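J.: Attaching a predicted model along with its sequence, questions to come.
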Amino acid sequence: MSDLSKSIPKAPRSAVFLDRDGVINVRRPEVEYVTEVAQFDFLPGALEALALLSELGFALVVVTNQRGIAREMMTEDDLAAVHAYMKAEALKRGVRFDGIYHCPHDTFEQCSCRKPEPGMILEAAEDLEIDLTRSYMVGDSLSDIEAGRRAGVRAVQITDGEECGAEMVFPSLLDFALHLKERT
């Protein structure tokens, strides 16, 4: 390798930013949280979708609100164990997450990371050299969609019910991944 090649900056990558609960795993009822591995269940087709998105060349970045920490229903270590399990199961399919970002704050706390604020997306974009104009935010709630808009990425909603104004709407993460595959 020549010295010249070392000085060439890497081109920014495209990414799919993913909300976790309701997109990758089954969302628990509003007052409950995934606080341990036994409560984490992948949604049907989620692992296949992650593998396909990875094959398509997207960086995979999880951005998840986790106010159960602020409410002392779980600890940072509990969350780390859940994410370690999620990563290990994904790795069995050849999928590596490029980053996992979480907001531990409650809704009343003033922070820039809790969706609908775009802080987690913007931090990941800087850390991972991501081109936001060629990226997507995939979520199942209005706060996910709004965070994507505020960050300047295309907003994609996963829902089998009420839509909240995203640019694209799909019933599952797999349907979204298959849509992107068809476009390539």
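T.: Sure, I can see it.
J.: Helix or strand with the lowest mean pLDDT in this structure?
T.: helix 3-7 (a mean of 50; mean pLDDT, DSSP states H and E).
J.: Please name the residues that touch the residue lying closest to R27 once chain neighbours are set aside.
T.: Distances taken as Cβ to Cβ, 6 or more residues apart in numbering place D21 nearest to R27, at 4.4 Å, with adjacent residues excluded. For glycine as for every other residue, the C-beta is placed from the backbone atoms N, C-alpha and C. D21 is in contact with R27, R28, V34, T64, D140, counting by Cβ atoms under 8 Å, 6 or more residues apart in numbering.
J.: redo that, cut-off 10 Å
T.: Going by Cβ atoms under 10 Å, 6 or more residues apart in numbering, D21 touches R27, R28, Y33, V34, F40, L43, T64, N65, Q66, G139, D140, S141.
J.: pLDDT weak spots in the chain?
T.: Along the chain, the parts satisfying pLDDT under 70 run over 1-10.
J.: Please repeat the previous calculation with a cut-off of 80.
T.: 1-11, 30-31 (pLDDT under 80).
J.: And the helices in it?
T.: Assigned helices in the chain, in chain order: 3-7, 46-55, 76-91, 119-128, 142-151, 173-183 (criterion: DSSP state H).
J.: Tabulate these (a markdown table), appending mean neighbour count.
T.: Output for these, formatted as a markdown table (neighbours: other Cβ atoms under 10 Å):
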| stretch | mean neighbour count |
| --- | --- |
| helix 3-7 | 7 |
| helix 46-55 | 21 |
| helix 76-91 | 15 |
| helix 119-128 | 18 |
| helix 142-151 | 22 |
| helix 173-183 | 16 |
